[in-house]
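1. Need a 3D model of the sequence below.
(2 chains)
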Amino acid sequence: MRIPCTFMAPTVMTRIVTLLLSCLLAWLPVAASAQEDNGQALLEALDVRAFSEKAAAIEDVIESQDPRANAWLEALLDGKLQRLKDDGSFVIVTDNVGRQWPVEDALSGESLGEVSRRDLDRITINNALRGQLRSALSMIDLFAESREARQAAAQKLIGKVDAELSETLERRLESEEDDQVRRRLEQAMAVYRLEQGDVQAVERLTGSLNSDIRVALTRASQSDDAAVADAAQRALVSIEQQLKLNRGLETLYFGLSLGSVLVLAAIGLAITFGVMGVINMAHGELIMLGAYTTWAMQQLLPGQPGLAVILSIPAGFLVAALAGIAIERSVIQFLKGRPLETLLATFGVSLILQQLVRTVISPLNRTVVTPEWMSGSLVINDALSLTLNRLYVLGFALVVFAGLMLVMRRTRLGLEVRAVTQNRAMARAMGIRATRVDILTFALGSGVAGLAGVALAQLTNVGPNLGQSYIIDSFMVVVFGGVGNLWGTLVAGMSLGIINQVLEPWAGAVLAKILVLVFIILFIQKRPRGLFPQKGRAAEG
Amino acid sequence: MNNSTLSSRWLAAAALASLGLSAPALAQEDPIKVGILHSLSGTMAISESTLKDTMLMLIEQQNKQGGLLGRQLEPVVVDPASDWPLFAEKARELLSQEKVDVIFGNWTSVSRKSVLPVVEELNGLLFYPVQYEGEESSENVFYTGAAPNQQAVPAVDYLMNEVGVERWVLAGTDYVYPRTTNKILEAYLKGHGVADEDIMINYTPFGHSDWQNIVAEIKRFGSEGKKTAVVSTINGDANVPFYRELGNQGIDAADIPVVAFSVGEQELSGIDTAPLVGHLAAWNYFMSVDTDANYDFIDSWIEFTGDEEAVTNDPMEAHYIGFNMWAEAVRKAGTTDVDVVKEAIIGVSVPNLSGGYAAMMPNHHISKPVLIGEIQDNGQFAVVWETPSTVAGDAWSDYLDGSRDLISDWRKPLECGNYNVKEGRCMGSDASEALAQE
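-> Predicted coordinates:
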């Protein structure tokens, strides 16, 4: 049983120690004493307007050691502790979506059925209360079973230790066995000792990239004690150097991640435009269809967003590929060899698809839930962490690229595609059904656009305008990389991503985009066929 | 005559009108025509199409109550397709061909600026329902959304005084509203002793989707020991990837809160809000406001749309207030004549949805309460702070040079949108030129 045993009063950090003691006691099996009448009074006290009084009332709830207190506080944290307007009784809302909310009695725990939200009054909290509640909870986590929880709790204490707390930590250090947790606790203690003017403490802090430690060192470097100031200054210099290196790595990751998005969006186009030579302005809308497939999958499988995302990989491919076939059969096949008309016609198709989604589904954006395993970030060190969703997209882009390479190089379809695009008449003379190859190639390119949509649904809006924002970038990448060359698309996408992210911090996002465009224009002037121009006979086609 | 058949006939007529066909005259007396100028296609459809529906609902309700002055209301819907010059053309079509008595419409400032000369030339009435950058007051436009002093400035006050913020990131999309608002906020913050190095200003293009670098920069900016907050004028679609990146890079609202001026219930309906709990928004209305008027409005909205999960938002309330004010003014004047209504509406006061009253000021802005809400895990906002009374909209900011000395008063005898108190004269069209030179 988890007993809520602590809440930090505003600004009173020292209370934590006493609360902690009561907390440790509370872990022992306590006979749940009947405090029925007291419960109502405790909750009454929470329903006050001033947040300072509310903080005090919350503390009373904790100190009451009421067995229901945990549920009350959690409900309070989620904004689900409410009052019925007519009789003023306290209820906990179990689900606050829609207009009718199921509630249960906060005192007895029995279900009261559904209540209209207009008959309920919420007990409000603000960021300050929320933050204090969470950081107080982190004190309990210091004694948790899980290593990660202890580590996170120890990290939060850096810069927040005072005299009383330091004694508790000292004792905690003796029994802590995990090195990582120990290191954090020692750092927390060292920051405290540094504040007390201990020069030795600086040594323990040197090399740490934690921002709270940096703040403490900066403060110490302005201290009156010359020895402390000097040592802190030196520690700061070495930290700055390491930070610079980490920032470089971070920018590289940002660049690769943006690059992978560009590659994903452009790789389908590299097939339809690059290999087949069809200017498909509806390419962005095929991406959008892939994204909507992810959303639809999540609607079909409520409660399993992760499975839905995985299933939408084949589904997104199929949907976009079928849409691609429909576009090819209905429009593009009649406009073969007339690029200008193809451009206009497919632009029309893109508008039709957008408005179709607006009318049939909604003009509003749809929510795509990020599965648990894709949210958050992979922490490398205190200054460098890689966001997981982008890491997955980066990996996905590389897998899609490798798969596509395999299809084009190693399968019969790939061979036929290359043959048809090089010399259509000759390929037909050799018995290749050129029309079928056209359909399959276009379906493949479209399907890959659908895959891009599945990935983009994790990063950006799923709405009717999704495709528009990627179509220009996609053409840019394909042209820059060299039309007809898949490797070129990969290298072009990645390098444009990195250039953009390197420029952004000092030029700003708007100017960075312009600079990249100017760069490409100049580059194309110099090398009209892009980074990796087609050579030999294919170049004539 | 049976009332319900009448209104259903008019609904059919409205449907015809919205298809672009002219409605046949069914009643003996001509209906009052209400123009609705909101994008139903293109980028802005996401925000504006719900406002069109809001207007249709309000008109339907009014017609059920017997219309206005004994005449029925007839909505005339046009689609300017998120194309700014097309807004001007469609406004001209509404005023000179359809001869509408009033227009409700526009979302972006640039579309309003494009419509402005048309409405002034043809002497129309335009009700503009979205929060905007101020620095404008037209004889023919009524601004029912918030001016900067009704949203941005109180929000910054809240962060400064209640949260204790000392460092500021002003992040916005690169266009007129964020630029002007940030100019006002920068002047305001510096006036309150915030140093230059404690203000970071950042602009991004429309629909920006790669926020990695900017969020990392905000994180660094906020990790230097002083309490930091982000004031976001990021518009529309770009918000979803921005908030996602915030969540993924682990920026918690308790560490670096983000207060947004363009993120409402509708924008949140496209995001999983769990990682965003505690981030803030400043508006004059939230769907979670606990009043009977609001619950009735939500019920009728859900009934009208037939969507149990439909949300309401601030610009919808602005249309609700604007429509009721116009109806009240028409009733008071006894006619829909633009010149008479324009005069009659000043001073009209109607209930808003948050339990108070909104009054039309002589500068064509209205009085509104300012609410600060924190995002909840169900996509709603919980109000954590509100102004003790309503705040009157200020057309010309007190924090910008050049605009400080201007006042707007469309009552007789002044009848001027930009009267310079120092020089004692009406600037007329000079004012915008003078400001442009700033």
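
2. Every contact and neighbour count from this point should use C-alpha atoms.
-> Will do.

3. Can you name the residues that contact A:V199?
-> A:V199 makes contacts with A:A227, A:V228, A:A231, as judged by CA atoms under 8 Å, 6 or more residues apart in numbering or on different chains.

4. Out of those, which end up buried?
-> Applying 16 or more other CA atoms under 10 Å in any protein chain shown to those, the neighbour count classes A:V228, A:A231 as buried.

5. how's chain B carved up into domains?
-> Residue ranges for the domains of chain B, per automatic domain parsing: B:3-146+B:292-299+B:313-367, B:149-289+B:371-392, B:406-436.

6. Where among those is average confidence lowest?
-> With a mean of 78, domain B:406-436 has the lowest mean pLDDT of these.

7. List the buried residues of that one.
-> Within domain B:406-436, the residues scored as buried using 16+ other CA under 10 Å are B:406-411, B:416-420, B:426-427, B:431-432.

8. Same check on stretch B:293-308?
-> B:N294, B:Y295, B:F297, B:I298, B:W301, B:I302.

9. so where's the stretch 51-200 of chain A shaky on pLDDT?
-> Confidence mapping of the stretch 51-200 of chain A against pLDDT under 70 gives the ranges A:132, A:134-141, A:164.

10. Tell me the residues on the stretch 301-450 of chain A that lie near chain B, please.
-> A:355, A:358, A:363-370, A:375-377, A:385, A:387-388 (CA under 8 Å from any CA of the partner chain).

11. closest to B:N63 among those residues?
-> A:P363 (27.4 Å; CA to CA).

12. what residues are up against the closest one?
-> Neighbours of A:P363 in contact, by CA under 8 Å, 6+ apart: A:V357, A:G463, A:P464, B:A45, B:I46, B:S49.

13. could I get these as JSON lines with distance to A:V97?
-> Formatted as JSON lines, the contacts of A:P363 follow (distance: CA to CA, whole Å):
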{"residue": "A:V357", "distance to A:V97": "26"}
{"residue": "A:G463", "distance to A:V97": "22"}
{"residue": "A:P464", "distance to A:V97": "25"}
{"residue": "B:A45", "distance to A:V97": "26"}
{"residue": "B:I46", "distance to A:V97": "22"}
{"residue": "B:S49", "distance to A:V97": "24"}
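
14. Helices - which of these land there?
-> Using DSSP state H, A:V357, B:A45, B:I46, B:S49 are the members of the contacts of A:P363 that sit in helices.

15. Which member of those residues is positioned nearest A:F347?
-> Nearest to A:F347 among the ones in helices among the contacts of A:P363 is A:V357, at 15.7 Å by CA to CA.

16. who's in contact with residue 183?
-> Assuming you mean chain A. Contact analysis of A:R183 by CA under 8 Å, 6+ apart lists nothing.

17. Wait, chain B was what I had in mind.
-> B:L400.

18. What helix or strand is it located in?
-> helix B:176-191 (DSSP states H and E).

19. Can you report how many residues neighbour residue 78?
-> In the absence of a named chain, chain A is used. A:D78 is surrounded by 18 other residues when neighbours are defined as other CA atoms under 10 Å in any protein chain shown.

20. hm, I was asking about chain B
-> 22.

21. repeat for A:D60
-> Number of residues near A:D60 (other CA under 10 Å) recorded here: 17.

22. what does the one 3 residues further on give?
-> Using other CA under 10 Å, A:E63 has 17 other residues around it.

23. same question, the one 5 residues further on
-> The criterion is other CA under 10 Å. On that basis, A:R68 has 17 neighbouring residues.

24. The stretch 301-438 of chain B against chain A: which residues are in contact?
-> Counting by CA under 8 Å from any CA, the stretch 301-438 of chain B sits next to chain A at B:E308, B:E309, B:E374, B:Q376, B:D377, B:N378, B:A382, B:V384.

25. could those residues be laid out in JSON lines, adding distance to A:G303 and secondary structure?
-> Conversion of those to JSON lines gives the following (distance: CA to CA, whole Å; DSSP: H, G, I helix; E, B strand; the rest coil):
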{"residue": "B:E308", "distance to A:G303": "20", "secondary structure": "coil"}
{"residue": "B:E309", "distance to A:G303": "18", "secondary structure": "coil"}
{"residue": "B:E374", "distance to A:G303": "26", "secondary structure": "strand"}
{"residue": "B:Q376", "distance to A:G303": "20", "secondary structure": "coil"}
{"residue": "B:D377", "distance to A:G303": "16", "secondary structure": "coil"}
{"residue": "B:N378", "distance to A:G303": "15", "secondary structure": "coil"}
{"residue": "B:A382", "distance to A:G303": "26", "secondary structure": "strand"}
{"residue": "B:V384", "distance to A:G303": "31", "secondary structure": "strand"}
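
26. May I see these arranged in a markdown table, with distance to A:A457 as well?
-> Converted to a markdown table, these look like this (distance: CA to CA, whole Å):
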| residue | distance to A:A457 |
| --- | --- |
| B:E308 | 25 |
| B:E309 | 22 |
| B:E374 | 26 |
| B:Q376 | 23 |
| B:D377 | 20 |
| B:N378 | 20 |
| B:A382 | 28 |
| B:V384 | 32 |
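
27. now the residue nearest the centre of chain B, nearest residue through space, not along the chain?
-> In chain B, the residue lying closest to the centroid (CA atoms, centre = their mean) is B:V130, at 1.3 Å. Distance criterion CA to CA, 6 or more residues apart in numbering or on different chains; nearest residue to B:V130, sequence neighbours excluded, is B:G145 at 4.4 Å.

28. swap in B:V163?
-> In space, and not counting its chain neighbours, B:V163 is closest to A:A128: 7.8 Å by CA to CA, 6+ apart.

29. Next, give phi and psi for the closest residue to A:G488 other than its chain neighbours.
-> Counting by CA to CA, 6+ apart, A:G481 is the residue found nearest to A:G488 once chain neighbours are left out, at 4.0 Å. Note on A:G481: backbone dihedrals following degrees, to the nearest 10 are phi -80, psi -20.

30. ok, A:G481 - contacts?
-> A:W487, A:G488, A:T489, A:L490, A:V491, A:A492, A:G493, A:G530, A:L531, A:F532.

31. Who are the contact partners of the second one?
-> Shown in contact with A:G488 (CA under 8 Å, 6+ apart): A:V478, A:F480, A:G481, A:G482, A:L531, A:F532.

32. And stretch A:436-446, what's buried?
-> Under the neighbour-count criterion of 16+ other CA under 10 Å, stretch A:436-446 has A:V437, A:D438, A:I439, A:L440, A:T441, A:F442, A:A443, A:L444, A:G445, A:S446 buried.

33. try stretch A:374-386
-> A:M374, A:S375, A:G376, A:S377, A:A383, A:L384, A:S385, A:L386.

34. Go through those and flag which are in strands.
-> A:S377, A:L384, A:S385, A:L386 (DSSP state E).

35. Give me the contacts around the host helix or strand of A:E416.
-> In this structure, A:E416 sits in helix A:412-422 according to DSSP H and E. The contact list for helix A:412-422, computed with CA under 8 Å, 6+ apart, reads A:275-276, A:407-409, A:426-428, A:432, A:434, A:437-438, A:441, A:537-538, A:541.
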